[in-house]
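> build the 3D model from these lines:
(2 chains)
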Amino acid sequence: MAAPVPPERIRNFSIIAHIDHGKTTLADRLMESTQALTEREQSEQFLDRMDLERERGITIKAQAVRLIHKTAGGETYQLNLIDTPGHVDFHYEVSRSLYACEGVLLVIDAAQGVEAQTLANVYAALDVDLEIIPVLNKVDLPVARPDEVREEIEETIGLDAQDALEVSAKTGVGISSVLDAIVERVPPPNGDREAPLKALIFDSWYDPYKGVVALVRVVDGSLKKGQKLRFWATGKVYECSSVGVFTPNPLTVPGLDAGEVGIVAGAIKDISHARVGDTITDDDRPCAEPLPGFRTVKPMVFAGLFPVEGKDYQALKDALEKLTLNDSAVTFEPETSAALGFGFRCGFLGLLHMEIIQERLEREHEIDLITTAPSVRYRVHTKEGELVEVENPAQIPEAGAYESIEEPCVTATIYVPQEFIGPVVQLCEERRGVQKDMNYANTGRVQIVYELPLAEMVFGFYDRLKTLSRGYASVDYEPSGYRTSNLVRLDVRVNGERIDALATVAHRDHAYHRGQELCTKMKEVVPRQMYDVAIQAAIGSRVITRVTVKAMRKDVTAKCYGGDVSRKRKLLEKQKKGKRRMKSVGSVELPQEAFLSVLKVE
Amino acid sequence: MEPLGVYVHYPFCRSRCSYCDFPIAVVPEPDIPHDEYRGAVVAELHARAPALAGRELVSIYIGGGTPSLARPSDVEAVVAAVRAAFSAQRSKLEITLEANPVDCTPDRLEAWRRAGITRLSIGAQSADPEELVTLGRDHRMGEGREALARAAGAGFESVSADLILGVPGPGNAGKRALRSLDALAGSGPDHLSVYELTFEPSTPLDARRRRGEIAALGEDELEEIYRLCHSELGSRGYEHYEISSFARPGHRAVHNSLYWRAAEYLGLGSGASSFVRHPGGSGERWRNHRSVHRYLAAAPDERIAERDSLSPADLRADRLWLGLRTADGVDERAFEGRSKLLAYLLDTGLARRHENYIRPTLRGFLCADYVAQRVIDDRW
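Reported below is the predicted structural model:
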């Protein structure tokens, strides 16, 4: 690897696939056939680093692996496989990863056909003019129907699929044709190696030994150890302490030239100095302008995270500090709840992001958490003419005590087969959307653009959309600013006591209905206690609905003799584990689900 | 000396009752391996008894299955072997045999008396003909009453009747319950074990419920029946001394009370469970293989299917929740370190204070599983 690889021998590509369509298996096969992995490593599905990713089958962090491929003609190519996150919450990260490539493999299950969720990424790839190579995977399955799936690709995506590759990542059939296609069809990078350094950060994370590490694609110039690196967005300068690549095992290299992909470290302490999308240049010989498209990713949804046990507060704080080292998109600040005690209000990119962080806290840091329903950041104009940003619904003033409230909105772009237009439009209207655009493609697909309140997106929009389009709609959204709405704070009272952690914000016209639904959902999850529990929804002092969880009348097993004692004890131990996520609020025990009931309201 | 009870499981039955999930074996009477089973039980006794030296044997309980199918000579031999193994001196040793009504013939009753049985527990279950069919019992209406009456006159120190309430059926469930209570309590038993029907998974009865052929009674109805039973038997002079147990003065079940006091017991035979304490406050529970075949085939040290160790804290908790299933309750000192739990039980009316004892209320009986959950949950 000493001699620089000329750009025409480099290919940068990514894989787009629906969950379970075989992205990881294909990636492993590619690594195997280029001898990047030993047999033991192959068993581990190398690309997904975190357990959580493997379990959910979602890639959260981007990855890049350098493969060395020898063609039949004896030429050696450097193939950089750039893995992308696969969820709408990480839309921006995906777009940056794709920007680092020249081509993508679009992997589609030859039995299941095109799935809606891949479409957003396909369009993102088309947006940056990437070469798309359709790959029909799992052709070994008896139910595989490659010809029909080819037609589907042409119809739904509008992509020429005649030369789509037929492979089986499982058996290895067709893998060499994939490598050949990458070499033949993905264009080589075109950068100027003599120009000043210009490199794109498409991921960064915290490494306990090296500090913050950035995954970069060098666009122009070259990057070497000892170089003074300037990070454009912050203007911070760090001396490059090491340059490396993943093969997939980490390997130190002398430098990276234009067109290459690798990792850079420089004793960077703060991950916000190496943000995804930012440009790195040479401080001594800077480029004239940064790469386009940088933006600071800001948390969009906020939720309170509280330890079930008050004594875990410090541990939760330490864990959050550690997590944010790796994830600059998470924010947190202390919050005190009358109901839940001391905790943190945390900001996330979206609901999946929130769930991932929550699971990591519980799993990696062993802290039992109560999470409140997510909210967005409202802007409250007070009567005194002040503007206050509020991320906690409980802090929205009572109706009448403010001038107006603005809520964040998004521009949502929905792709959906024509037959589902009706229900999708209806959903968007119900969700207080304003239609901006509707385009019919000749493929039978429609692009519908709506401006929607972010809160409406957050509360189950995605799930509803999927259900009513039988999985065929995909949605992508980006912030579009704030708009004034007629919003009110909806309180929940349990046995007369207002529970701050259960407060939500609703549009005044929807508040009554939402309050009713919320109480009904609460009733399903609040366990019966020794006395009746009244659950009320209220706007200010006005109670709009009430349900009662009736007192428990009977809970007893009649027999308790020799063998029953042991059996009963085991059952009790199991129930105790199930109760770990219960929080006593006043005189009532509320399970975690109660705090998320509002998410179940349609 | 610490008290000890010995339980002997007799697994054989003529047929399986529809609600039963007990470790039993349905075997035609001529095929019951009487000698082999008796031999295995006695061998197990001899293997276990040395480790339990120094306990005072207070009870022998032969349960099943259908122990009234056993040959009286085998019953006598097992009782004698247990007494000998623990050199029982006690004259008031309680020796119980469970019996099916149809087996309670005058000569059997006499034979059991001679075998040393002091207490008979008769599985009458119901006095309602349709309920007996639903339960899949092999006796008819009237036979339970006759058996109880005969046993009452046969010279046993105590006679107990088992009764199942809450059986699905036509008409008012409360009235049906009262009729059964009246018929069976009126036949002279000095002890009654009254159970609410439990739909155990994978029993024929539960399958019928899942198919929608019968419907379990609602919680309100069941609560009403429970309260009815409490007051009806109370007015007849029975003390409601445990969730499902009623006794005339002096007739509480010695054996069953051992379980609720977290005292030690040795279980012999297939599926039988044992509990022993270890020095230092810890303890151990184990259970034998449920299959008779497997039990008989196993070497003496391979009979155990499941074994659990219990810490001193586990046993303190067990003493609490088991004790709170009895009218006597538990000594307040047993709540040491659990003041939050105690306050909760008293505040919610699940228990009340009686001198130095914390005793469950009727509501505490009705919500005993809920109470037990709190006891086991050490956050309380």
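
> what helix or strand is whatever residue of the stretch 101-250 of chain B ends up closest to chain A on?
Distance from chain A to each residue of the stretch 101-250 of chain B (CB to the nearest CB) is smallest for residue B:195, at 4.1 Å. C-beta here means a position set from N, CA and C on the backbone, and glycine is covered the same way. For residue B:195, the host element (DSSP states H and E) is strand B:191-196.

> beta partners of the nearest residue to residue B:51 once chain neighbours are set aside?
Take residue B:51 and drop its neighbours on the chain: the residue closest to it by CB to CB, 6 or more residues apart in numbering or on different chains is residue B:276, 7.5 Å away. Applying DSSP bridges to residue B:276 yields these beta-bridge partners: residue B:284.

> isn't residue B:276 right up against residue B:48?
No. Using CB atoms under 8 Å, residue B:276 is not in contact with residue B:48, being 9.1 Å away.

> common neighbours of these two, please.
Common neighbours of residue B:276 and residue B:48 (criterion: CB atoms under 8 Å, 6 or more residues apart in numbering or on different chains): residue B:266.

> chain A contacts on the stretch 101-250 of chain B?
Neighbours of chain A within the stretch 101-250 of chain B, by CB under 8 Å from any CB of the partner chain: B:194, B:195, B:196, B:198, B:219, B:220, B:222, B:223, B:226, B:243, B:244.

> mind doing that once more with 6 Å?
Within the stretch 101-250 of chain B, the positions adjacent to chain A are B:195, B:196, B:219, B:222, B:223, B:244 by CB under 6 Å from any CB of the partner chain.

> which of those residues sit farthest apart?
B:219 and B:244 (17.3 Å; CB to CB).

> okay, these two: which has more neighbours?
Shown here are residue B:219 and residue B:244; by other CB atoms under 10 Å in any protein chain shown, residue B:244 has more neighbours (23 against 13).

> residues touching that one, list them.
For residue B:244, the contact set (CB atoms under 6 Å, 6 or more residues apart in numbering or on different chains) comprises A:558, B:193, B:194, B:195.

> returning to that earlier point: let me know the closest of the residues of the stretch 101-250 of chain B next to chain A to residue A:149.
Using CB to CB, those come closest to residue A:149 at residue B:219, 54.2 Å.

> report pLDDT for the closest one.
Note for residue B:219: predicted pLDDT of 91.

> roughly how far does it sit from residue A:319?
Separation of residue B:219 from residue A:319 (CB to CB, to the nearest Å): 43 Å.

> tell me the SS of the one residue in the stretch 151-300 of chain A that gets nearest to chain B?
In the stretch 151-300 of chain A, the residue found nearest to chain B is residue A:299; the distance is 32.9 Å by CB to the nearest CB. Using DSSP: H, G, I helix; E, B strand; the rest coil, the secondary structure recorded for residue A:299 is coil.

> doesn't residue A:350 make contact with it?
No. Under the criterion of CB atoms under 6 Å, residue A:299 makes no contact with residue A:350, lying 9.1 Å away.

> of the two, which one has the most company?
Comparing residue A:299 with residue A:350 by other CB under 10 Å, the one with more neighbours is residue A:350, at 23 against 19.

> isn't the more buried one up against residue A:89?
Yes. Using CB under 6 Å, residue A:350 is in contact with residue A:89, at 3.3 Å.

> quick one: contacts for residue B:118?
B:94, B:95, B:157.

> thought the first one was touching residue B:60?
What that stands for is residue B:94. No. Taking contacts as CB under 6 Å, residue B:94 lies outside contact range of residue B:60: 7.5 Å.

> these two: who's more crowded?
Neighbour totals were compared for residue B:94 and residue B:60, and residue B:60 leads with 27 against 22 (other CB under 10 Å).

> that's a strand at that one, yeah?
Yes. Counting by three-state DSSP, residue B:60 falls inside a strand.

> so where is the chain shaky, pLDDT-wise?
Just going to use chain A. A:1-3, A:35-62, A:85-88, A:116-117, A:441-443, A:602 (pLDDT under 70).

> my bad, chain B
B:90-91.

> so it: which segments form each domain?
B:3-258, B:328-380 (automatic domain parsing).

> format the ones you listed as CSV; extra columns: distance to residue B:306.
Formatted as CSV, the domains of chain B follow (distance: least, CB to CB, whole Å):
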stretch, distance to residue B:306
domain B:3-258, 12
domain B:328-380, 19
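
> list the contacts for residue A:13?
Residue A:13 neighbours (CB under 6 Å, 6+ apart): A:101, A:103, A:182, A:186.

> right, and the helix or strand after the longest strand seen in chain A?
Using DSSP state E to define each element, chain A has its longest strand at strand A:402-417. Under the assignment DSSP H and E, the closest C-terminal helix or strand after strand A:402-417 is helix A:421-430.

> residue numbers of chain A in contact with chain B?
A:530, A:552-558, A:561-563, A:566, A:572, A:575-576.

> one step back: same question for the following helix or strand past the strand holding residue B:195: list its buried residues.
Scanning forward in sequence from strand B:191-196 by DSSP H and E, the next helix or strand is helix B:204-210. The neighbour-count check on helix B:204-210 (16 or more other CB atoms under 10 Å in any protein chain shown) flags B:205, B:206, B:208 as buried.

> looking at the stretch 1-150 of chain B, what residue ends up closest to chain A?
residue B:7 (5.5 Å).
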